[in-house]
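Novice: A structural model of the following input is requested.
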Amino acid sequence: MSDPRFDAARDHFLAGLAHLQAGRAAEAEAALRESLALLPGRPSTLLNLAVALLRQGRPAEALPLLDQVLVAEPGDADALGHRAVALQALQQPAEAQASLERLVQAAPARPEAWFHLGQVRHQQGDAAGALAAYERCLALRDDHGPAWSQRGQALKDLGRIDQAAASFERALALGDDPELNAYYLAGLRGGAAPARPPRWYVQRLFDDYAPAFDQHLVETLGYCAPEVLQRLIVGAGTASFESALDLGCGTGLCGPLLRPLAARLAGVDLSAAMLDAARGRGVYEALHQADLVEHLMTTGGRHDLIVAADVFIYVGDLAPVFDGAARVLRPGGLFAFSVEPAAGEAAFVLQPSLRYAHGEAAIRALAAQHGLAVTAQERGALRADEVHPVQGGYWVLRAG
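Specialist: Below is the predicted model:
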């Protein structure tokens, strides 16, 4: 004779699986909790409940369930993989990597496990380890386009430029993200550069970078652009500003330097994580999550000062930026920014570092076209790159 309690638990479990497969995570959670109430501690139910919670953006609740599964079944590959996902969402990359290392030991024939391990190793700064993981993935599945692309990034970071370019070309041939891989190739091969990188790429880059941004930029790279721009702005002779806009404000490193100069300070950035950090500084009256050109072309605000510190390395064509800056600058207002200077006559080039550099002649032409007079210009260090100073160009323009 069957056990009614077991039968009911099974029915709830199967209903939960059906809800998960149909994309109904909340309904799956309810059914799986009903099943667990009847049969507590069942690993497969705990695992699927954790998946339902992860799909609802609740990694902190999913993690202890996955740990329970792994106590009962230490080598459960699915639990290890989902545990890594939860830890990544909780900003614990080292712990996520440890879970993935266990996963590839338990299930070495899973290409996706090696792929995700490569991603986490790369995020942890281990390009060589990431490359090894991507190559294990590709040995199992040679048509894995994202792995070819990520392999190219690891090779680029290791200075193996020709191999990196070949890897991006292979990713393109497999149909993986044509916009992104063409952007990478333009930087490595020196071909025609896109006007700007893919928007989602910049947003994800800085969302991931936000937790370590200030420490890495200031303490490791010796970032000094905000201080130089502040000095040049003060030297331009305007004692104070009614309203200032920090363009591409990031975590707000410029904010404390601009706050004493302006009665009102606003910031704009694509990255929500960066804006959360900027908000914590308590120096901005307004923060906007937006593409900088879109903001300049649509905002109703007007400013006496616009500052873009080390921002245009992620913008190729500056013409739309100048259009927007001219639109929102009040007469007599200042537009202060830094660039990496480009040699030759090119308006902009995409460098192997995947940062844009800009030509002086093109900047002067854009300034003249938009009625902006050059008030100050100087060369100096922006930051370090592998202990070598990266030279920049600093500009202050005044609206007529």
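Novice: Quick one: low-confidence residue ranges for the stretch 1-150 of the chain.
Specialist: Across the stretch 1-150 of the chain, the ranges flagged by pLDDT under 70 are 1-2.
Novice: for the stretch 201-350 of the chain, what spans make up the strands?
Specialist: Counting by DSSP state E, counting those that start in this stretch, the stretch 201-350 of the chain has strands at residues 241-247, 262-269, 286-289, 303-308, 329-339, 348-350.
Novice: among those strands, which is nearest Q68?
Specialist: Proximity to Q68 (CB to CB) singles out strand 286-289 among the strands of the stretch 201-350 of the chain, at 37.5 Å. In this view, the C-beta of every residue, glycine as well, is placed from N, C-alpha and C.
Novice: what residues does that closest one touch?
Specialist: 249, 266-272, 275, 278-279, 295, 299 (CB atoms under 8 Å, 6 or more residues apart in numbering).
Novice: same thing with stretch 149-161?
Specialist: With CB under 8 Å, 6+ apart, stretch 149-161 has contacts from 115, 118-119, 122, 127-128, 130-131, 134-135, 138, 163-168, 171, 176-177, 180-181, 184, 188, 352.
Novice: Now with 6 Å, please.
Specialist: For stretch 149-161, the surrounding residues in contact (CB atoms under 6 Å, 6 or more residues apart in numbering) are 118, 127, 130-131, 134, 163-164, 167-168, 171, 176, 181, 188.
Novice: what would these look like in CSV with distance to A37 and secondary structure?
Specialist: Output for the contacts of stretch 149-161, formatted as CSV (distance: CB to CB, whole Å; DSSP: H, G, I helix; E, B strand; the rest coil):
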residue, distance to A37, secondary structure
G118, 40, helix
A127, 48, helix
A130, 43, helix
L131, 47, helix
Y134, 43, helix
Q163, 55, helix
A164, 53, helix
S167, 50, helix
F168, 51, helix
A171, 47, helix
D176, 45, coil
N181, 49, helix
L188, 57, helix
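Novice: which one among the residues you listed gets closest to L70?
Specialist: Nearest to L70 out of those is G118 (CB to CB; 22.5 Å).
Novice: circling back: can you redo the contacts of strand 286-289 as CSV, where the extra columns are neighbour count?
Specialist: Formatted as CSV, the contacts of strand 286-289 follow (neighbours: other CB atoms under 10 Å):
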residue, neighbour count
C249, 30
A266, 21
G267, 29
V268, 22
D269, 29
L270, 23
S271, 24
A272, 12
L275, 24
A278, 24
R279, 14
H295, 20
T299, 18
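Novice: rewinding a little: among the contacts of stretch 149-161, which ones are buried?
Specialist: The neighbour-count criterion (16 or more other CB atoms under 10 Å) marks G118, A127, A130, L131, Y134, A164, S167, F168, A171, D176, N181, L188 among those as buried.
Novice: could you redo these as a markdown table and give each row distance to A62?
Specialist: Below are the buried ones among the contacts of stretch 149-161 laid out as a markdown table (distance: CB to CB, whole Å):
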| residue | distance to A62 |
| --- | --- |
| G118 | 23 |
| A127 | 30 |
| A130 | 26 |
| L131 | 30 |
| Y134 | 27 |
| A164 | 36 |
| S167 | 34 |
| F168 | 35 |
| A171 | 32 |
| D176 | 29 |
| N181 | 33 |
| L188 | 39 |
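Novice: Just give me the closest of those residues to L366.
Specialist: For those, the nearest to L366 is L188 (27.3 Å; CB to CB).
Novice: and that closest one, what does it touch?
Specialist: Counted by CB under 6 Å, 6+ apart, L188 has contacts I161, A165, P352.
Novice: Just the pLDDT at it, thanks.
Specialist: Note on L188: pLDDT of 93.
Novice: Now it: closest residue in space that isn't a chain neighbour?
Specialist: Spatial nearest neighbour of L188, excluding adjacent residues (CB to CB, 6 or more residues apart in numbering): A165 at 4.5 Å.
Novice: Distance-wise, check that neighbour relative to N181.
Specialist: Note on A165: its distance to N181, by CB to CB, to the nearest Å, is 10 Å.
Novice: Now tell me which of the contacts of L188 the prediction trusts least.
Specialist: Of all the contacts of L188, P352 carries the smallest pLDDT score, 89.
Novice: Specify the local secondary structure of that one.
Specialist: Following DSSP: H, G, I helix; E, B strand; the rest coil, the label given to P352 is coil.
Novice: where does it fall, phi/psi-wise?
Specialist: Dihedral pair for P352: phi -60, psi -20, per degrees, to the nearest 10.
Novice: Measure how buried it is and give me the count.
Specialist: P352 is flanked by 15 other residues according to other CB atoms under 10 Å.
Novice: What of the one 4 residues further on?
Specialist: Other residues within reach of Y356, judged by other CB under 10 Å, total 25.
Novice: isn't it right up against V349?
Specialist: No: using CB atoms under 6 Å, Y356 is not in contact with V349, being 7.0 Å away.
Novice: I'd like to know which of the strands of the stretch 201-350 of the chain is closest to W395.
Specialist: strand 329-339 (5.7 Å).
Novice: Include distance to A319 when you put the contacts of stretch 149-161 into a markdown table, please.
Specialist: Shown next, in a markdown table, are those (distance: CB to CB, whole Å):
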| residue | distance to A319 |
| --- | --- |
| G118 | 38 |
| A127 | 35 |
| A130 | 37 |
| L131 | 38 |
| Y134 | 38 |
| Q163 | 35 |
| A164 | 30 |
| S167 | 33 |
| F168 | 27 |
| A171 | 30 |
| D176 | 30 |
| N181 | 25 |
| L188 | 25 |
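Novice: and the residue lying closest to Q68 once chain neighbours are set aside, what element?
Specialist: Excluding the flanking residues, the one nearest Q68 by CB to CB, 6+ apart is L46, at 5.4 Å. Secondary structure from DSSP states H and E places L46 in helix 43-55.
Novice: Give the buried residues for that helix.
Specialist: By 16+ other CB under 10 Å, the buried positions in helix 43-55 come out as P43, T45, L46, L47, N48, L49, A50, V51, A52, L53, L54, R55.
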